[in-house]
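In: Just to be clear, the model below is a prediction. Sequence and coordinates:
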Amino acid sequence: MQRKAYVPGAAALLAALLAGCTSGSGGSGTTDNANPGDAGATTVAAQPGKYRTLPEPCGAVSHDSLDTLLPGIKQIADPDQRDKAYQGDAELTYDTDRKVGCHWKVDSDDATDRLSVDFERVVSYDNAVSDDDQAKKLFGDKESAADLPKASSSPSAGASSSASPSGSPSGSPSVSPSGSASGSASGSPSPSGTPADLQPRVLTDLGDEGYLDDQLASSGSTAEQRTVTVVFRTSNVLVTLVYEEQPMAMGSVPDSKEMQDRARNLAAKLDDALGG
């Protein structure tokens, strides 16, 4: 009788142990089944950018545009030299699908003009960040570095906020060496400094986002050089256009509105060519 009472107790203990083992293996199976689902949710890659290639930079600017931005190009008498000037000089690059550029320099009777155009196709290597978002970040870095006047600034505040300690402003200076305003051509000065619509600013009608910077700098005894920069983003491509003019005559100041209009017109054509 005692042996019969002992055997069922041992059997019950063994059954309990077996049940615990079965329950443990089932729990780990549930955990394993959850992991693949979680991993699958995090492996969804962000969308690639719209552009996979870039235009040929030296061919992206038409002869008509070069005639306008570089007036001296039509003054070149030698046909071969003139054709070479139209062709421009391509920037050195090791991957024409990622970054390309071209620049031109032409002297005229009145000034030396320079133009450069650069295209950069942005690719994100982070699956959680799309090409467009990465391009947007890079554009934001460029805009921050340009230190544009605040949009809420008044015209007068915008003009003063763009001036550097040396007197060479981010936009146009309020007074030229002769004492006249240099926001417009030296022959027709602006009575109140640089107009608000010529200040460095955000451009809302170019690509997905864009901005324009305008700087006037003097180099010691030489004439003042104006540099107009237009940067814009279309999807995952960043375009940077730099247009410079340095007059030959001392005291001459390049016309801000004229240079900005030329640069913006070319930028719009480049955006159209990209299909933006």
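Out: Nice, I can see it.
In: ok, now which ones touch residue 116?
Out: Contact partners of residue 116, counting by CB atoms under 8 Å, 6 or more residues apart in numbering, are 101-104, 240-242. Any C-beta I mention is one placed from the backbone N, CA and C, and that applies to glycine too.
In: ok, 10 Å please
Out: With contact set as CB atoms under 10 Å, 6 or more residues apart in numbering, residue 116 has these partners: 57, 88-89, 91, 101-105, 229, 240-244.
In: Is residue 265 in a helix, a strand, or coil?
Out: Using DSSP: H, G, I helix; E, B strand; the rest coil as the criterion, the local structure at residue 265 reads helix.
In: What distance do you get for it to residue 61?
Out: According to CB to CB, to the nearest Å, residue 265 and residue 61 sit 11 Å apart.
In: go on, residue 78?
Out: For residue 78, the distance to residue 61 under the criterion CB to CB works out to 21 Å.
In: Look at these two and report which has more neighbours.
Out: A count of neighbours by other CB atoms under 10 Å puts residue 61 above the other of residue 78 and residue 61, at 22 against 9.
In: Need the nearest residue in space to the more buried one, chain neighbours excluded.
Out: Nearest residue to residue 61, sequence neighbours excluded (CB to CB, 6 or more residues apart in numbering): residue 117, at 6.2 Å.
In: For the one you found, which three-state class applies?
Out: strand.
In: All further residue positions should be reported with the first residue as 786.
Out: Taking 786 as the first residue, the last one we looked at is residue 902.
In: Do I have it right that it meets residue 874?
Out: No. Using CB atoms under 10 Å, residue 902 is not in contact with residue 874, being 11.5 Å away.
In: Residues in contact with both of the two, list them for me.
Out: Counting by CB under 10 Å, 6+ apart, the common neighbours of residue 902 and residue 874 are 843, 886-889.
In: residue ranges with poor pLDDT in the stretch 786-935 of the chain?
Out: Counting by pLDDT under 70, the low-confidence segments of the stretch 786-935 of the chain come to 786-829.
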